[in-house]
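S.K.: Quick check, what structure comes out for this input:
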Amino acid sequence: MEDRRVLVTGGAGFIGSNLANHLAPDNDVVAVDDCYLGTPENLDPGVEFVEASVLDDDLPTDVDVVFHLAARSSYAMHEESPTAGARVNVEGFVNTVDQARQDGCETIVYASTSSIYGSRTEPSPEDMSVTVNTGYEASKMARERYAEYFHNHYGLSCAGLRFFSVYQGYGGAEEHKGEYANVVAQFADDIANGRSPKLYGDGTQTRDFTHVSDIVRGTELAAEHELDGVYNLGTGDAYSFETVVEMLNDELGTDVAPEYVENPIPEDVYVHDTCADPSKMRAATGWEPEVDFEEGIRRVCAPYN
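M.R.: Residues are numbered from 1 along each chain as shown. Below is the predicted model:
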């Protein structure tokens, strides 16, 4: 993508800053973040940073493309305050998109979530029926419905991307997330520093771990192709938490055993397994994940080696 003015909300966060920095050399990029979890230190000098909330009235939405990644992005954040979660994730989305629409922007790409599929070891296609079990999932489903409204009523291109377990490691822009960082990043930092990574339950839960560089590329392609509807961004491969610990130990040359702890998230809402069916995205844009998990593990561990 070149020569566009783009807005990245949540632009100082983990995925948002990776996207903003990737786009900045060829585009005029403005990143908006309220610094609830993001930090402008993640951003390259070529990105214009605006500290603001997606609930504000005067957002810099006079752009060609809006990448809406701002969100309260975890189960815990929503259980802490369902109202705050809904305001940021739902009202913030509607507010941002409507301001952009009034400013003449017609291309919206936004973050949804793979969590709405629940626990599945089989690859999840976009057209399967989904059930909402948490406030976080409800807020992302509401986004998808509002996106449908903006498309059907106003003709905007609105692509919702259901991200699968995005990781990069603390050597990238993920460290500021702390306890909310992906388990790959947390486990790697624990093991590299001689701490036992804490595995919920028996450690057999699986995730479709997708490197942030593949997420960024898919997000950019969604805008270039002016996609509508929802699309999975995931590899189609899943690894257990126990396997992740083994792979990290192998790469780091360590032998740190995990600690098994009780899962603090209720079993009836905990997503035990995720796996993407990325064929719809592949057919629409030609997107393929380029960083397999072995290479991703190497990249996560490189700063420690």
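S.K.: There's contact between residue 150 and residue 108 in this structure, I believe.
M.R.: Yes - under the criterion of CB atoms under 8 Å, residue 150 makes contact with residue 108 at 7.0 Å. From N, CA and C alone the C-beta is placed, and that goes for glycine too.
S.K.: So for the two, which residues contact both of them?
M.R.: Taking CB atoms under 8 Å, 6 or more residues apart in numbering as the criterion, residue 150 and residue 108 both touch 97, 156, 158.
S.K.: Check the spacing between the first one and residue 281 real quick.
M.R.: Read it as residue 97. Using CB to CB, to the nearest Å, residue 97 is found at 21 Å from residue 281.
S.K.: on contacts alone, who are the packing partners of the host helix or strand of residue 284?
M.R.: Using DSSP states H and E, residue 284 sits in helix 279-285. Packing partners of helix 279-285 (3 or more CB pairs under 8 Å, 6 or more residues apart in numbering; DSSP states H and E): helix 212-224, strand 229-233.
S.K.: For the lowest-mean-pLDDT helix or strand in the chain, buried residues please.
M.R.: One helix or strand of the chain scores below all others by mean pLDDT, DSSP states H and E: helix 75-80, with a mean of 82. In terms of neighbour count (16 or more other CB atoms under 10 Å), helix 75-80 has its buried residues at 75, 77-78.
S.K.: would you list those residues in a markdown table and tack on distance to residue 37?
M.R.: Output for these, formatted as a markdown table (distance: CB to CB, whole Å):
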| residue | distance to residue 37 |
| --- | --- |
| 75 | 14 |
| 77 | 9 |
| 78 | 14 |
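S.K.: Would you map out the domains in this protein?
M.R.: Domain assignment for the chain by automatic domain parsing gives 5-166+211-233, 170-207+237-277+292-304.
S.K.: Out of those, which gets nearest to residue 285?
M.R.: Residue 285 lies closest to domain 5-166+211-233 among the domains of the chain, at 4.2 Å (CB to CB).
S.K.: what about that closest one, distance to the chain center?
M.R.: Centroid separation for domain 5-166+211-233 versus its chain: 8 Å, with CA atoms, centre = their mean, to the nearest Å.
S.K.: Does residue 236 touch residue 123 like I think?
M.R.: Yes - counting by CB under 8 Å, residue 236 touches residue 123, with 5.6 Å between them.
S.K.: re earlier: continuing past the helix holding residue 284, what's the next helix or strand?
M.R.: With DSSP H and E setting the assignment, the helix or strand that follows helix 279-285 is helix 293-301.
S.K.: That next one packs against which elements?
M.R.: Using 3+ CB pairs under 8 Å, 6+ apart: helix 293-301 touches helix 183-192, strand 210-211, helix 241-252.
S.K.: Please identify the helix or strand for residue 257.
M.R.: Applying DSSP H and E, one finds residue 257 in no helix or strand.
S.K.: can you pick the most crowded of the shared contacts of residue 150 and residue 108?
M.R.: Using other CB atoms under 10 Å as the neighbour criterion, residue 158 leads the shared contacts of residue 150 and residue 108 with 29 neighbours.
S.K.: Tell me which residues touch that one, please.
M.R.: Residue 158 makes contact with 97, 108-110, 147-148, 150-151, 228 under the criterion CB under 8 Å, 6+ apart.
S.K.: Quick check: bridge partners of it?
M.R.: residue 108 (DSSP bridges).
S.K.: per-residue confidence at it?
M.R.: We note a pLDDT of 98 for residue 158 in this prediction.
S.K.: Roughly how far does it sit from residue 68?
M.R.: Distance of residue 158 to residue 68, computed by CB to CB: 9 Å.
S.K.: Now do the shared contacts for the two.
M.R.: Common contacts of residue 158 and residue 68 (CB under 8 Å, 6+ apart): 97, 108-110.
S.K.: ok, residues contacting the least confident helix or strand of the chain?
M.R.: Contacts for helix 75-80 (CB under 8 Å, 6+ apart): 72, 84-85, 134-136, 139, 180, 265, 269.
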